[in-house]
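S.K.: Sequence first, then the predicted structure:
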Amino acid sequence: MRSPASQEPAPGETCRFCCPIEGAWQLARNRFPHALRAVALLWIAVAAAAVWNARLPLGIPWLPSPGNRVGIPRAFESSLPEINAAEALTLYQAGEALFVDSRDRKDYDKEHIPGALNLPQREWAKLWPALKGKIAKDRLLVLYCYGAHCGLSTRQGKALLEEGYGKLVILDYGWEAWTKAGNPTVKHPKAGNA
Amino acid sequence: MPEMAALRRLLTHPVFLRAAGIVVGAVLVYASLDKIARPDRFADIVHDYDMLPLLAINAFALLMPWTEMVAGAALILGVWRRGAGLMATALTVAFMIAIAQAELRGLKIECGCFDVTGVSSSEASWPLFARDVPLLLGSVLVWRRG
C-alpha cells in the first residue's frame, strides 16, 4: 500500500505528477470519458466540414471575404465587387445603373436614393416572382442596404447572381455612406416601390 | 413514490434510451442537411442572430451543421452514445440561447432550424424555443444515462 505522503507511483500505476500532460490525460480519461468522446466526434465533424467545403461549388471561405462580408461563396467573391459612395455617385450621375434598395419598405419610404427600386431582401421570396424578367439581365445594378455589417445587399447580390444577373456591385457601407457623402436623396415618396 | 420509481425505471430502460437516442439523432441529422448543402445561406442566418463576431461566422456556419450530423449519426448508430448525447445537449442549449436572445431583443429573423432557403422557414420565436425542450430532455437523458 502507498504511503499518503509518498509521490511515488505504485507498481503499474502512472505517475500523475511526472508529466502534467499525461496526468491530465489520465484524469480526463477516467473522470470524463464521454466528454473526450464528444471531443473526438467534434474533430470528425471538423474534418468532414473541411473536406465537404473544399469540394462544394458554393463553398465559403473559413474567414470573412474582403470588406468583412460573410456567407459569400468563393465562386461569387469576384462577382460582387464593392464600390464607395463617390464611385456610386459617378454611376448615378451617368444614369448607367439601376440602384436597388434592399432595405425594408418603411425605411425606403422615409428616404432613398432618387430612382432607386425598393426590393426588400427580407421579402425577397414574396416580391421576386413578380419582378422576375422585368429587369434586363445585362443591366448594371448597384445594391445597397443600411450600412456597416448590413448583409442584406450582399444576400440580394447572391440571389441575383443565382438568377443569372452578372453585372452587380455593392455600395460599401450602403445608405450610411451615401448620406454621409451628401449625395442626393429623395424623402417621403409615395410611389416607386417594387 | 411508486409512480416516480416507475417513471425512473421507464426513463432509464435501455430500450427507451436507445429509442430516445435514435429520435434525437434523426432530428439532428435532418436539421443538418439543408445547412450542409448551403453554408452560405446558413452564414447569413448566423449573421442575423448577431451573437458572434464577423470573424467567426463563416467558420461556425461550416462547422455547426457537421457537428449536428456527426452527433446525430453517432446517436442513430449507437456509437459513443453518451459522448454524442453530450454534443447534442450542448447544441440544443446553444439553439435555445440563440432563439431566446433573438426573441428578447426583438430580432425578427429566420430560425434556420431546419431550412435555410427561406422556402419553409419559420421565425425564431418562443414556440420554437419550446419545441427544443423535448429535444434537450432526450439529449440529456442519453448523455447522463445512455
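M.R.: Arrived safely, thanks for sending.
S.K.: so what's the residue most central in space within chain B up against?
M.R.: Geometric centre of chain B, nearest residue: B:Thr92, 3.9 Å, by CA atoms, centre = their mean. Contacts for B:Thr92 (CB atoms under 8 Å, 6 or more residues apart in numbering or on different chains) come out as B:132, B:135-136, B:139. Every residue, glycine included, has its C-beta placed from N, CA and C.
S.K.: what does A:Tyr146 give?
M.R.: Taking CB under 8 Å, 6+ apart as the contact definition, A:Tyr146 lies against A:103, A:107, A:152, A:174-176.
S.K.: is it true that it lies in a strand?
M.R.: No: per DSSP: H, G, I helix; E, B strand; the rest coil, A:Tyr146 lies outside any strand segment and is coil.
S.K.: And A:Leu117, its phi and psi?
M.R.: Note on A:Leu117: its backbone torsions stand at phi -90, psi 130 [degrees, to the nearest 10].
S.K.: How is the residue of chain B found nearest chain A assigned, secondary-structure-wise?
M.R.: Nearest residue of chain B to chain A: B:Gly83, at 2.8 Å (CB to the nearest CB). With three-state DSSP as the basis, B:Gly83 sits in helix.
S.K.: Correct me if wrong: it contacts A:Trp43.
M.R.: No: the pair formed by B:Gly83 and A:Trp43 falls short of the contact definition of CB atoms under 8 Å, at 11.8 Å.
S.K.: When those two are compared, which one has more neighbours?
M.R.: Using other CB atoms under 10 Å in any protein chain shown as the criterion, B:Gly83 and A:Trp43 rank with B:Gly83 on top: 26 against 10.
S.K.: residues touching that one, list them.
M.R.: Taking CB under 8 Å, 6+ apart as the criterion, B:Gly83 is in contact with A:33-38, A:40-41, B:74.
S.K.: Excluding sequence neighbours, find me the nearest residue to it.
M.R.: In space, not counting the residues next to it along the chain, B:Gly83 is nearest to A:Arg37; the distance is 2.8 Å by CB to CB, 6 or more residues apart in numbering or on different chains.
S.K.: how close does that neighbour sit to B:Ala20?
M.R.: As judged by CB to CB, to the nearest Å, A:Arg37 and B:Ala20 stand 18 Å apart.
S.K.: what's the distance between the residue nearest to the centre of chain B and B:Ala6?
M.R.: Noted for B:Thr92: a distance of 27 Å to B:Ala6, by CB to CB.
S.K.: next one: A:Leu127
M.R.: Between A:Leu127 and B:Ala6 the computed distance is 56 Å (CB to CB).
S.K.: Mind telling me which residue of chain A is nearest chain B?
M.R.: Residue nearest to chain B within chain A (CB to the nearest CB): A:Arg37, separated by 2.8 Å.
S.K.: surely that residue meets B:Arg81?
M.R.: No: between A:Arg37 and B:Arg81 no contact is recorded; they are 9.1 Å apart, counting by CB under 8 Å.
S.K.: Show me which of these two is the more surrounded one.
M.R.: For A:Arg37 versus B:Arg81, neighbours defined as other CB under 10 Å are more numerous around B:Arg81 (24 against 20).
S.K.: Find the nearest non-adjacent residue to the most centrally placed residue in chain A, please.
M.R.: For chain A, A:Val70 is the residue whose C-alpha lies nearest the centre (CA atoms, centre = their mean; 2.1 Å). Distances taken as CB to CB, 6+ apart place B:Ile57 nearest to A:Val70, at 4.4 Å, with adjacent residues excluded.
S.K.: Could you do A:Leu80 as well?
M.R.: Using CB to CB, 6+ apart and skipping the chain neighbours, the partner closest in space to A:Leu80 is A:Gly157 (4.6 Å).
S.K.: one step back: give the residue from A:Leu127 and B:Ala6 that has the larger number of neighbours.
M.R.: Neighbours were tallied for A:Leu127 and for B:Ala6 using other CB under 10 Å; the higher tally belongs to A:Leu127 (17 against 10).
S.K.: Please identify which helix or strand holds the more buried one.
M.R.: For A:Leu127, the host element (DSSP states H and E) is helix A:124-131.
S.K.: And the average pLDDT for that helix is what?
M.R.: When pLDDT is averaged over helix A:124-131, the result is 90.
S.K.: Give me the buried positions along it.
M.R.: The neighbour-count criterion (16 or more other CB atoms under 10 Å in any protein chain shown) identifies A:124, A:127-128 as the buried residues of helix A:124-131.
S.K.: what's that helix packed up against?
M.R.: Counting contacts by 3 or more CB pairs under 8 Å, 6 or more residues apart in numbering or on different chains; DSSP states H and E, the secondary-structure elements packed against helix A:124-131 are helix A:152-162.
S.K.: Can you tell me what sits against the helix it packs on?
M.R.: Everything outside helix A:152-162 that qualifies as a contact, by CB under 8 Å, 6+ apart, is A:69, A:71-73, A:76, A:79-80, A:100, A:102-103, A:119, A:121-122, A:124, A:128, A:141, A:143-146, A:168, A:170-171, A:174, B:40, B:44.
S.K.: Drop anything exposed from the residues you listed.
M.R.: Listed as buried from these are A:69, A:71-73, A:76, A:79-80, A:100, A:102-103, A:119, A:121-122, A:124, A:128, A:141, A:143-146, A:168, A:170-171, A:174, B:40, B:44; burial here means 16+ other CB under 10 Å.
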